[in-house]
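mind looking at a prediction? Sequence and model below.
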Amino acid sequence: MVIAIVQDKDSNRLSQALVESNIRATKLASTGGFLKSGNTTFMIGIEEDRIEGVLALIKENCQSREQVMAPLSSIGGNVESYVPYPVEVQVGGATVFILPIDQFIQF
Amino acid sequence: MVIAIVQDKDSNRLSQALVESNIRATKLASTGGFLKSGNTTFMIGIEEDRIEGVLALIKENCQSREQVMAPLSSIGGNVESYVPYPVEVQVGGATVFILPIDQFIQF
Amino acid sequence: MVIAIVQDKDSNRLSQALVESNIRATKLASTGGFLKSGNTTFMIGIEEDRIEGVLALIKENCQSREQVMAPLSSIGGNVESYVPYPVEVQVGGATVFILPIDQFIQF
Ligand code: NI
Ligand code: NI
Ligand code: NI
């Protein structure tokens, strides 16, 4: 089972990418962890030979990256505190755990 | 550990069945996954020889089933879009993962 | 991975203790389980040789304990029902699962 904790701002994009790849994910609202703001925990039950593909999707959509924040601009929909000059901020990032599964059942 | 993702409409019934069997479950609100609408994720820490019993309870209370929807009726408390004749809809269903546990501690 | 389910009233204290020990935890709002009231599920990805330390922090901050409830007093911020004499009530407690991890990745 892949457990991925991603920032809320990347959550929709990852959801869509998973749906396009026909991968089902259960989402839980979460807080804390490596990521400072609110985040989303994805639980993805997946066959072992498809884990690499899931990791690639997570990396593609959620990887930690720098974003230039223009003066007085907003990031991720929230108006941040006033900054009089452009600054680089770190956004995104994902914490991923792969747990072994004994059994998967669908009723 | 049994992780079961069930539709919200089956969640209360499963909770009650678990309590009656003296099985403790922690519940988390979740979305997405195989089930389209809102769902509930049950985390159940249980000895290996009782897993079969837990699976039976989940199957009994949550199994995917057809429900005849009468014209203008509502399903699961929500008024669905107008349907002029009775139709069968799929309700319920559970996605279950069994994860190995290294240790269980109660403080 | 350490999964700890603790009472909401102990959640902040545990969060702080983990931060002070430089341990990242993801928190999920949960209900039910061994603990009657609302609780918080901590997911903590940690190297095996640090698990003992995490368990010690959980025990220190969340262990089940008795609390004397004075007449008409409130416990955990909520006004409880009227009690005309001091009584002992059980508070706290933690349910902890340690799950094996196949892989941990940070993007
Ligand atoms: Ni730079
Ligand atoms: Ni039919
Ligand atoms: Ni006593």
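Okay, I see it. Residues are numbered from 1 along each chain as shown, chains lettered A, B, ... in the order given. Ligands and ions are numbered 1, 2, ... in the order given.

chain C contacts on chain A?
A:3, A:5, A:28-34, A:39, A:41, A:55, A:58-59, A:62-64, A:92-100 (Cβ under 8 Å from any Cβ of the partner chain). Yep, even glycine has a C-beta here, placed from its N, CA and C like the rest.

can you tell me the element the residue lying farthest from the centre of chain A falls in?
Each residue of chain A has a distance to the centre, and by Cα atoms, centre = their mean the biggest one is for A:Pro84: 29.7 Å. Here A:Pro84 sits in a region with no helix or strand, counting by DSSP states H and E.

where do the strands of chain A begin and end?
A:2-7, A:26-32, A:39-44, A:65-69, A:74-75, A:78-79, A:87-91, A:94-98, A:103-106 (DSSP state E).

run through the neighbouring helices and strands of the third one.
Read it as strand A:39-44. Applying 3 or more Cβ pairs under 8 Å, 6 or more residues apart in numbering or on different chains; DSSP states H and E, one finds that strand A:39-44 makes contact with strand A:2-7, helix A:8-20, strand A:26-32, strand C:26-32.

report the angle between that strand and strand A:2-7.
If you take axes from the mean of the first three to the mean of the last three Cα atoms, to 10 degrees, strand A:39-44 sits at 160 degrees to strand A:2-7.

outside of strand A:39-44, which residues touch it?
A:1-8, A:11, A:14, A:18, A:23-33, A:54, B:3, B:5, B:30, B:33, B:41, C:26, C:28, C:43 (Cβ atoms under 8 Å, 6 or more residues apart in numbering or on different chains).

that older thread, would you mind putting the strands of chain A into CSV with mean neighbour count and mean pLDDT alongside?
Listed next are the strands of chain A as CSV, based on neighbours: other Cβ atoms under 10 Å in any protein chain shown; pLDDT from 0 to 100:
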stretch, mean neighbour count, mean pLDDT
strand A:2-7, 24, 96
strand A:26-32, 21, 93
strand A:39-44, 25, 96
strand A:65-69, 13, 84
strand A:74-75, 12, 52
strand A:78-79, 8, 53
strand A:87-91, 13, 84
strand A:94-98, 22, 96
strand A:103-106, 12, 95
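
got CSV for these, with distance to C:Arg50 too?
Output for the strands of chain A, formatted as CSV (distance: least, Cβ to Cβ, whole Å):
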stretch, distance to C:Arg50
strand A:2-7, 19
strand A:26-32, 18
strand A:39-44, 21
strand A:65-69, 29
strand A:74-75, 33
strand A:78-79, 34
strand A:87-91, 25
strand A:94-98, 15
strand A:103-106, 29
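
possible to save the ones you listed as CSV with distance to ligand 1?
Output for those, formatted as CSV (distance: least, Cβ to the ion, whole Å):
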stretch, distance to ligand 1
strand A:2-7, 19
strand A:26-32, 26
strand A:39-44, 23
strand A:65-69, 5
strand A:74-75, 15
strand A:78-79, 22
strand A:87-91, 5
strand A:94-98, 20
strand A:103-106, 42
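
mind checking which of those is nearest C:Glu48?
Each of these was scored for nearness to C:Glu48 using Cβ to Cβ, and the closest is strand A:94-98 (13.8 Å).

what sits against A:Asp92?
Careful, residue A:92 is Gly; it's not Asp. When contacts are taken as Cβ under 8 Å, 6+ apart, A:Gly92 is in contact with A:Val6, A:Gln7, A:Lys9, A:Asp10, A:Cys62, A:Gln63, A:Ser64, A:Arg65, C:Phe107.

over to A:Arg24?
A:Leu18, A:Ile44, A:Gly45, B:Gly32, B:Gly33, B:Phe34, B:Thr95.

tell me if I'm right that A:Pro10 and A:Asn61 touch.
In this structure residue A:10 is Asp, not Pro. Yes: using Cβ atoms under 8 Å, A:Asp10 is in contact with A:Asn61, at 5.8 Å.

and the helices and strands packed on strand A:39-44: which comes nearest chain B?
Closest approach to chain B among the helices and strands packed on strand A:39-44 (Cβ to the nearest Cβ): strand A:26-32, 3.7 Å.

name the helices or strands packed onto that closest one?
Checking 3+ Cβ pairs under 8 Å, 6+ apart, strand A:26-32 ends up next to strand A:39-44, strand B:26-32, strand B:39-44, strand C:26-32.

run through who's touching the last one.
Okay, so that is strand C:26-32. By Cβ under 8 Å, 6+ apart, strand C:26-32 touches A:5, A:28-33, A:39, A:41, A:95, B:15, B:24-29, B:43, C:5, C:11, C:15, C:38-44.

which one of the helices and strands packed on strand A:26-32 lies nearest to ligand 3?
Nearest to ligand 3 among those is strand C:26-32 (25.9 Å), distances taken as Cβ to the ion.

okay, the angle between the closest one and helix C:8-20?
160 degrees.

follow-up on the earlier one: reformat the helices and strands packed on strand A:26-32 as TSV; add distance to A:Arg50.
Formatted as TSV, these follow (distance: least, Cβ to Cβ, whole Å):
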stretch	distance to A:Arg50
strand A:39-44	9
strand B:26-32	18
strand B:39-44	21
strand C:26-32	24
